[in-house]
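1. sharing a sequence plus its predicted fold:
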Amino acid sequence: MKNKKINGIQIIIILALIFSNVFAENNPLKGKDIVKLGTLQTISGEIFEEYSEWYLITKKDTIDLHFGPREFLASKNVILKEKNIITFTGFLYENHLAVVKFIFDKKLVELRTKDGDPLWRNTKFSRNNNRKRK
């Protein structure tokens, strides 16, 4: 009888792990993934923020905007405001846009090269530069 309980508990644990992996986003897309999988497009819409993430509402979809490090965006003197209508150029994959450039306050703001390489690479805004070296 004891072996059946252990086997039942093991089955429950295995099922819980399977379902948690199916329903949880363990590996959210990063900008480099979107660049690799997506296509370069220009999209307009109204922006909004939810839980510190920015989204673009178009006539068809809601798109997650990937700007790169917040500090890099701030260094460009960009302070986004909800309900602004903005046109973004970037790599679109499913409902994710890795932003390459956009116009803000009549100025062109560039975040990536036309090939999708981040302009913050090898700068003080790079996550690799912020890691402690051993």
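-> Right, received. Where do you want to start?
2. in this protein, which spans are strands?
-> 39-50, 53-57, 62-66, 85-93, 96-104, 107-110 (DSSP state E).
3. which neighbours does the fourth one have in its sheet, and in what orientation?
-> The pairing partners recorded for strand 85-93 under DSSP bridges are strand 39-50 (antiparallel), strand 96-104 (antiparallel).
4. quick one: mean pLDDT over it.
-> Averaged across strand 85-93, pLDDT comes to 97.
5. alpha carbons of that strand, as CSV, please.
-> What follows is strand 85-93 as a C-alpha-only set of coordinates in CSV (Å, rounded to 0.1, in the frame of the first residue of the first chain):
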residue,chain,number,x,y,z
ILE,A,85,0.5,57.8,-31.4
ILE,A,86,4.0,56.6,-32.5
THR,A,87,5.3,54.9,-35.6
PHE,A,88,8.0,52.3,-34.9
THR,A,89,10.3,50.5,-37.3
GLY,A,90,11.6,47.2,-36.0
PHE,A,91,11.7,43.5,-36.3
LEU,A,92,8.2,41.9,-35.8
TYR,A,93,7.8,38.4,-34.7
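6. hmm, back to that, in a markdown table: the strands of the chain, plus mean neighbour count and distance to Ala74.
-> Placement of C-beta: from N, CA and C, glycine included. Converted to a markdown table, those look like this (neighbours: other CB atoms under 10 Å; distance: least, CB to CB, whole Å):
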| stretch | mean neighbour count | distance to Ala74 |
| --- | --- | --- |
| strand 39-50 | 14 | 14 |
| strand 53-57 | 17 | 13 |
| strand 62-66 | 19 | 15 |
| strand 85-93 | 19 | 17 |
| strand 96-104 | 21 | 12 |
| strand 107-110 | 12 | 11 |
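7. what's the closest of those strands to Gly116?
-> strand 85-93 (5.6 Å; CB to CB).
8. from the chain's centroid, how far away is that closest one?
-> Relative to the centre of its chain, strand 85-93 is centred 13 Å away, using CA atoms, centre = their mean, to the nearest Å.
9. repeat that for stretch 101-120.
-> Put simply, stretch 101-120 sits 16 Å off its chain's centre (CA atoms, centre = their mean).
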